[in-house]
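1. Quick check, what structure comes out for this input:
(one chain, ligands or ions: 1)
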Amino acid sequence: MNLKKMVAYKVAEEIRDGQVVGLGTGSTARYFIERVGMRIEKEELDILGVPTSYQSLFLARDWEIPITSIMEHDVDVAVDGADEVDKNLNLLKGGGAAHTQEKIIDYSASEFIVIVDDSKLTDKLKRPVPVEVIPASSRLVCEELNSMGAEVKIRMSDAKDGPLITDNGNFVIDADFGPIDDPPGLEYEINNIPGVLENGIFSRGVDRVIVGTRDGIIEL
Ligand SMILES: O=C[C@H](O)[C@H](O)[C@H](O)COP(=O)(O)O
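-> As a prediction, the model looks like this:
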C-alpha cells in the first residue's frame, strides 16, 4: 500500500474551484500535484498553483497546472510534506533542501495542510535541522551552530562534486542537535545567526496534519 499516495490523493480531493494552492515539495507532495493535475484535466478544476521549488514548478508544468507566485497572489491553502512531525505538530522539513521557499508559502497560507505517512510521526523532532546559508557565511555559521551544541555537516550534492546548491543558490548545513526540547525557540535562535536564510523547523501555522496509515487515513 502506498501511504504517501493515499493521503496525498485524499487531500487533493478537497481542493475547490477558485483557490490559490501552495504546491509543496518532495515525494508526498508530488502525488498531491499529480492528483490536482488529473482533476484539472478531467473535472476542469479551476485553480492557480504556487510552487515551493523548481521540483514543484516542473511538476505543475507537466500537469498543466496554471501557476502564479507569492509575489502576485495570497495562498488559500498550502499542501506540503514533512520529514518529521512531533506530538505538538512541530515539523522538520528541508530533506530536499526546499524549506526556505516552502516556509514562505506554507506560513503565509490561510490554511496549511501537512500530508505524511505514519513513519514521519515522532515524539520529539530529532533529525538534523537543515539550515540554508549564504555560502560566504558557512564557516562562521557552522562555528555558531557548534557552539549551540550541534554537530554540523555541509550537505554534499548527489548530482555533482562538492556541496549541494539550493534553488536560491545557497548551501545547506545539517545541524544535529539530537532530540529537540523547544522547537519554536530553536527555530528562532538559528534564524538569528547572520548568514542564515531559513531553517527547517516549522513550529507554527500548521492547521491540519493528515496521516496515511495501514489502517486508513487519520487527522492529528
Ligand atoms: O525539502 C523538502 C521538503 O521539506 C519535503 O517536503 C520533505 O523533505 C518531505 O519530503 P517527502 O514527502 O519526500 O518525505
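
2. got the residues of the protein near the ligand?
-> 24-29, 80-83, 93-99, 102 (CB under 6 Å from any ligand atom). Every C-beta, even on glycine, is put in place using the N, C-alpha and C of the backbone.

3. Show me which of these are buried.
-> 24-26, 28-29, 80-83, 93-99, 102 (16 or more other CB atoms under 10 Å).

4. From these, which land in helices?
-> If you go by DSSP state H, those have 28, 29, 99, 102 in helices.

5. List the contacts of the third one.
-> Applying CB atoms under 8 Å, 6 or more residues apart in numbering to residue 99 gives the contacts 93, 130, 132, 198, 199, 200, 202.

6. Backbone torsions only: list them for the residue in the chain that the ligand sits nearest to.
-> Closest approach between the chain and the ligand, counting by CB to the nearest ligand atom: residue 26, at 2.6 Å. Phi and psi for residue 26, reported as degrees, to the nearest 10, are phi 120, psi -180.

7. if I read this right, it contacts residue 91, doesn't it?
-> No. Between residue 26 and residue 91 there is no contact under CB atoms under 8 Å: 12.0 Å.

8. mind giving me the domain split of the protein?
-> The chain breaks down into these domains under automatic domain parsing: 3-122+203-219, 129-200.

9. Report the distance from the first one to the chain centre.
-> If I follow you right, that is domain 3-122+203-219. 8 Å (CA atoms, centre = their mean, to the nearest Å).

10. Also the last one?
-> Offset of domain 129-200 from its chain centre (CA atoms, centre = their mean): 16 Å.

11. Begin at 49 from now on, thanks
-> New numbering, starting at 49: the last item is domain 177-248.

12. Quick check: end-to-end length of it?
-> 6 Å (CA to CA, to the nearest Å).

13. looking at the domains of the chain, which is buried most?
-> Greatest average neighbour count among the domains of the chain goes to domain 51-170+251-267 (a mean of 19), per mean count of other CB atoms under 10 Å.

14. Nothing else from me, thank you.
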